[in-house]
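**Q** Any chance you could fold what I've pasted below:
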Amino acid sequence: MTSTLDLAILVADADMEATISTLLKHRQPALGIQLNLEHLKIFRSHMHDPGVFKEGPDLLQSLQPRPGHALLLLDYHGSGQENKLQASEVESDLEERLERQLTLARDKVACIVLNPELEVWVWSQSPHLLTVLGMDRQQFTAFKQSQGIGLHDKPQRPKEALIRALRQTKKPFSSAIYKELAQNVSLSNINERGFVKLRDKLQSWFRG
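**A** Model prediction:
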(Lines give C-alpha, C1' and ligand atoms only; values in the text may rest on other atoms or scores of the structure.)
Protein backbone atom coordinates (compact mmCIF):
# COMPACT_ATOMS: atom_id res chain seq x y z
CA MET A 1 0.00 0.00 0.00
CA THR A 2 1.36 3.40 -0.95
CA SER A 3 1.71 6.08 1.73
CA THR A 4 -0.35 8.45 -0.42
CA LEU A 5 -3.59 7.72 -2.24
CA ASP A 6 -4.49 10.51 -4.64
CA LEU A 7 -7.56 8.85 -6.15
CA ALA A 8 -9.76 5.90 -5.20
CA ILE A 9 -12.35 4.63 -7.67
CA LEU A 10 -15.09 2.11 -7.02
CA VAL A 11 -16.75 0.62 -10.11
CA ALA A 12 -19.62 -1.81 -10.56
CA ASP A 13 -18.15 -4.58 -12.70
CA ALA A 14 -15.21 -5.92 -14.70
CA ASP A 15 -16.21 -4.11 -17.91
CA MET A 16 -16.27 -0.77 -16.14
CA GLU A 17 -12.98 -1.58 -14.44
CA ALA A 18 -11.35 -2.43 -17.78
CA THR A 19 -12.62 0.83 -19.28
CA ILE A 20 -11.59 3.23 -16.54
CA SER A 21 -8.30 1.44 -15.86
CA THR A 22 -7.31 1.60 -19.53
CA LEU A 23 -8.26 5.27 -19.78
CA LEU A 24 -6.18 6.22 -16.75
CA LYS A 25 -3.20 4.02 -17.63
CA HIS A 26 -2.97 4.71 -21.36
CA ARG A 27 -4.98 7.82 -22.27
CA GLN A 28 -3.87 10.47 -19.81
CA PRO A 29 -2.61 12.87 -22.53
CA ALA A 30 -5.92 12.56 -24.42
CA LEU A 31 -7.80 13.21 -21.18
CA GLY A 32 -5.60 16.21 -20.43
CA ILE A 33 -4.47 14.87 -17.05
CA GLN A 34 -1.33 13.75 -15.26
CA LEU A 35 -1.88 11.19 -12.49
CA ASN A 36 0.69 9.08 -10.68
CA LEU A 37 -0.59 5.52 -11.11
CA GLU A 38 1.19 4.41 -7.96
CA HIS A 39 -1.22 6.63 -6.04
CA LEU A 40 -4.33 5.27 -7.74
CA LYS A 41 -6.63 2.47 -6.54
CA ILE A 42 -9.45 1.01 -8.65
CA PHE A 43 -11.63 -1.77 -7.32
CA ARG A 44 -15.02 -3.41 -7.88
CA SER A 45 -18.11 -3.83 -5.76
CA HIS A 46 -18.97 -7.51 -5.34
CA MET A 47 -22.65 -6.43 -5.43
CA HIS A 48 -22.26 -4.63 -8.78
CA ASP A 49 -24.39 -1.51 -9.43
CA PRO A 50 -26.65 -1.85 -6.36
CA GLY A 51 -23.54 -2.38 -4.27
CA VAL A 52 -21.94 0.85 -5.43
CA PHE A 53 -25.09 2.72 -4.46
CA LYS A 54 -25.60 0.99 -1.12
CA GLU A 55 -22.05 0.68 0.21
CA GLY A 56 -19.78 2.74 -2.06
CA PRO A 57 -19.08 5.56 0.41
CA ASP A 58 -18.55 3.04 3.24
CA LEU A 59 -16.02 1.08 1.19
CA LEU A 60 -14.04 4.18 0.26
CA GLN A 61 -14.18 5.42 3.85
CA SER A 62 -12.52 2.19 5.02
CA LEU A 63 -9.46 2.67 2.80
CA GLN A 64 -6.09 3.37 4.34
CA PRO A 65 -4.59 5.75 3.57
CA ARG A 66 -7.69 7.89 3.09
CA PRO A 67 -7.91 9.03 -0.56
CA GLY A 68 -7.48 12.66 -1.51
CA HIS A 69 -10.16 12.26 -4.20
CA ALA A 70 -12.98 9.73 -4.49
CA LEU A 71 -14.96 8.58 -7.51
CA LEU A 72 -17.88 6.17 -7.90
CA LEU A 73 -19.08 4.76 -11.23
CA LEU A 74 -22.24 2.74 -11.78
CA ASP A 75 -24.93 2.05 -14.36
CA TYR A 76 -28.35 3.58 -13.84
CA HIS A 77 -30.01 0.54 -15.39
CA GLY A 78 -29.71 -2.23 -12.82
CA SER A 79 -28.85 0.06 -9.91
CA GLY A 80 -32.18 -0.57 -8.19
CA GLN A 81 -32.90 3.16 -8.19
CA GLU A 82 -34.55 3.46 -11.60
CA ASN A 83 -38.06 3.79 -10.16
CA LYS A 84 -37.00 5.85 -7.15
CA LEU A 85 -34.51 8.50 -8.23
CA GLN A 86 -33.42 10.21 -11.43
CA ALA A 87 -29.84 9.50 -12.51
CA SER A 88 -28.80 13.00 -11.45
CA GLU A 89 -30.37 12.42 -8.04
CA VAL A 90 -28.41 9.19 -7.60
CA GLU A 91 -25.23 11.16 -8.30
CA SER A 92 -26.16 13.88 -5.81
CA ASP A 93 -27.07 11.35 -3.13
CA LEU A 94 -23.77 9.52 -3.46
CA GLU A 95 -21.68 12.69 -3.65
CA GLU A 96 -23.29 13.97 -0.45
CA ARG A 97 -22.54 10.67 1.30
CA LEU A 98 -18.95 10.65 0.02
CA GLU A 99 -18.39 14.20 1.19
CA ARG A 100 -19.80 13.44 4.63
CA GLN A 101 -18.21 10.04 5.23
CA LEU A 102 -14.77 10.77 3.81
CA THR A 103 -14.71 14.32 5.24
CA LEU A 104 -13.60 15.61 1.86
CA ALA A 105 -14.61 18.86 0.21
CA ARG A 106 -17.48 18.45 -2.26
CA ASP A 107 -15.19 19.32 -5.17
CA LYS A 108 -12.93 16.38 -4.24
CA VAL A 109 -15.63 13.72 -4.76
CA ALA A 110 -17.71 12.69 -7.74
CA CYS A 111 -20.20 10.09 -8.84
CA ILE A 112 -20.79 9.18 -12.48
CA VAL A 113 -24.08 7.43 -13.21
CA LEU A 114 -24.01 5.99 -16.72
CA ASN A 115 -27.48 6.36 -18.19
CA PRO A 116 -28.65 3.80 -19.05
CA GLU A 117 -25.35 1.88 -18.84
CA LEU A 118 -21.64 1.89 -19.66
CA GLU A 119 -22.21 0.77 -23.24
CA VAL A 120 -23.62 4.17 -24.10
CA TRP A 121 -19.93 5.17 -24.36
CA VAL A 122 -19.27 2.33 -26.82
CA TRP A 123 -21.60 3.69 -29.50
CA SER A 124 -19.41 6.54 -30.64
CA GLN A 125 -18.65 7.63 -34.19
CA SER A 126 -15.13 6.23 -33.95
CA PRO A 127 -14.02 3.86 -36.74
CA HIS A 128 -12.41 1.74 -34.00
CA LEU A 129 -15.89 0.59 -33.02
CA LEU A 130 -16.22 -1.08 -36.41
CA THR A 131 -12.88 -2.82 -35.93
CA VAL A 132 -13.90 -4.15 -32.55
CA LEU A 133 -17.26 -5.32 -33.88
CA GLY A 134 -15.64 -6.91 -36.94
CA MET A 135 -17.84 -4.95 -39.36
CA ASP A 136 -17.20 -2.62 -42.25
CA ARG A 137 -19.21 0.59 -42.62
CA GLN A 138 -21.82 -1.00 -44.87
CA GLN A 139 -22.38 -3.91 -42.48
CA PHE A 140 -22.58 -1.54 -39.53
CA THR A 141 -25.17 0.64 -41.27
CA ALA A 142 -27.20 -2.44 -42.19
CA PHE A 143 -27.03 -3.71 -38.62
CA LYS A 144 -28.28 -0.41 -37.19
CA GLN A 145 -31.11 -0.35 -39.72
CA SER A 146 -32.07 -3.92 -38.83
CA GLN A 147 -32.27 -2.91 -35.17
CA GLY A 148 -34.31 0.21 -35.83
CA ILE A 149 -31.43 2.47 -34.78
CA GLY A 150 -31.02 5.75 -36.65
CA LEU A 151 -27.76 6.23 -38.52
CA HIS A 152 -26.49 8.85 -36.06
CA ASP A 153 -28.41 7.58 -33.02
CA LYS A 154 -27.42 5.35 -30.13
CA PRO A 155 -29.49 2.30 -29.19
CA GLN A 156 -31.85 2.66 -26.24
CA ARG A 157 -30.38 -0.53 -24.76
CA PRO A 158 -26.73 -0.18 -25.74
CA LYS A 159 -25.42 -3.34 -24.06
CA GLU A 160 -28.03 -5.56 -25.68
CA ALA A 161 -27.27 -4.00 -29.05
CA LEU A 162 -23.54 -4.55 -28.56
CA ILE A 163 -24.08 -8.22 -27.73
CA ARG A 164 -26.30 -8.68 -30.81
CA ALA A 165 -23.70 -7.02 -33.04
CA LEU A 166 -20.93 -9.27 -31.72
CA ARG A 167 -23.13 -12.32 -32.09
CA GLN A 168 -23.69 -11.41 -35.73
CA THR A 169 -19.95 -11.30 -36.41
CA LYS A 170 -19.29 -14.30 -34.13
CA LYS A 171 -16.95 -12.34 -31.86
CA PRO A 172 -16.89 -13.14 -28.13
CA PHE A 173 -18.23 -10.65 -25.64
CA SER A 174 -15.64 -9.90 -22.94
CA SER A 175 -14.00 -7.11 -20.97
CA ALA A 176 -11.23 -7.10 -23.59
CA ILE A 177 -13.63 -5.25 -25.91
CA TYR A 178 -13.90 -2.37 -23.46
CA LYS A 179 -10.15 -2.27 -22.99
CA GLU A 180 -9.55 -2.16 -26.74
CA LEU A 181 -12.09 0.60 -27.27
CA ALA A 182 -10.83 2.67 -24.34
CA GLN A 183 -7.28 2.39 -25.65
CA ASN A 184 -8.06 3.38 -29.24
CA VAL A 185 -11.19 5.49 -29.71
CA SER A 186 -10.94 9.22 -30.12
CA LEU A 187 -12.08 10.64 -26.81
CA SER A 188 -13.11 13.87 -28.49
CA ASN A 189 -15.88 11.91 -30.23
CA ILE A 190 -17.55 10.94 -26.97
CA ASN A 191 -20.00 13.64 -25.95
CA GLU A 192 -22.18 11.58 -23.58
CA ARG A 193 -22.92 13.54 -20.40
CA GLY A 194 -21.36 11.02 -18.02
CA PHE A 195 -18.09 10.84 -19.94
CA VAL A 196 -17.88 14.63 -20.18
CA LYS A 197 -18.40 14.89 -16.41
CA LEU A 198 -15.71 12.26 -15.81
CA ARG A 199 -13.20 14.02 -18.06
CA ASP A 200 -13.95 17.44 -16.56
CA LYS A 201 -13.62 16.15 -13.00
CA LEU A 202 -10.33 14.42 -13.71
CA GLN A 203 -8.98 17.56 -15.35
CA SER A 204 -10.01 19.68 -12.39
CA TRP A 205 -8.16 17.28 -10.06
CA PHE A 206 -5.13 16.27 -12.12
CA ARG A 207 -4.76 18.66 -15.03
CA GLY A 208 -1.71 17.75 -17.09
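
**Q** Now tell me what touches the lowest-mean-pLDDT helix or strand in the chain from outside.
**A** Least confident helix or strand of the chain, by mean pLDDT, DSSP states H and E, is helix 127-133 with a mean of 93. Helix 127-133 is contacted by residues 122-123, 136-137, 140, 165-166, 169, 171, 177, 180-181, 184-186 when judged by Cβ atoms under 8 Å, 6 or more residues apart in numbering. Any C-beta I mention is one placed from the backbone N, CA and C, and that applies to glycine too.

**Q** Which ones among these lie within strands?
**A** In strands, judged by DSSP state E, none of the contacts of helix 127-133 are found.

**Q** tell me the secondary structure for I42?
**A** With DSSP: H, G, I helix; E, B strand; the rest coil as the basis, I42 sits in strand.

**Q** Make residue 1 into 854 and carry on from there
**A** Got it, first residue is 854 now, which makes that one I895.

**Q** Okay, the residue of the chain most remote from its centre and V985: tell me how far apart.
**A** The outermost residue of the chain relative to its centre, with distances by Cα atoms, centre = their mean, is Q991 at 28.7 Å. Separation of Q991 from V985 (Cβ to Cβ, to the nearest Å): 17 Å.

**Q** Tell me, how many residues neighbour the closest residue to V973 other than its chain neighbours?
**A** Closest residue in space to V973, ignoring its immediate chain neighbours: P1011 at 4.9 Å, by Cβ to Cβ, 6 or more residues apart in numbering. For P1011, the count of nearby residues is 20 (other Cβ atoms under 10 Å).

**Q** who's in contact with P1011?
**A** P969, E970, E972, V973, V975, W976.

**Q** thinking again about what came up before, any idea how far the least confident helix or strand of the chain is from the middle of the chain?
**A** 19 Å (Cα atoms, centre = their mean, to the nearest Å).

**Q** Domain map for this protein?
**A** 860-972+1033-1059, 976-1027 (automatic domain parsing).

**Q** surely R1060 meets P882?
**A** No - checked against Cβ atoms under 8 Å, the pair R1060 and P882 is beyond contact range at 11.9 Å.

**Q** Low-confidence stretches in the protein?
**A** Applying pLDDT under 70 to the chain picks out residues 854-855.

**Q** any chance you could map the strands in it?
**A** Along the chain, counting by DSSP E, strands occupy 860-864, 893-897, 922-928, 962-967.

**Q** What angle do strand 962-967 and the longest helix seen in the chain make with each other?
**A** As assigned by DSSP state H, the longest helix anywhere in the chain is helix 940-955. Counting by axes from the mean of the first three to the mean of the last three Cα atoms, to 10 degrees, helix 940-955 lies at 150 degrees to strand 962-967.
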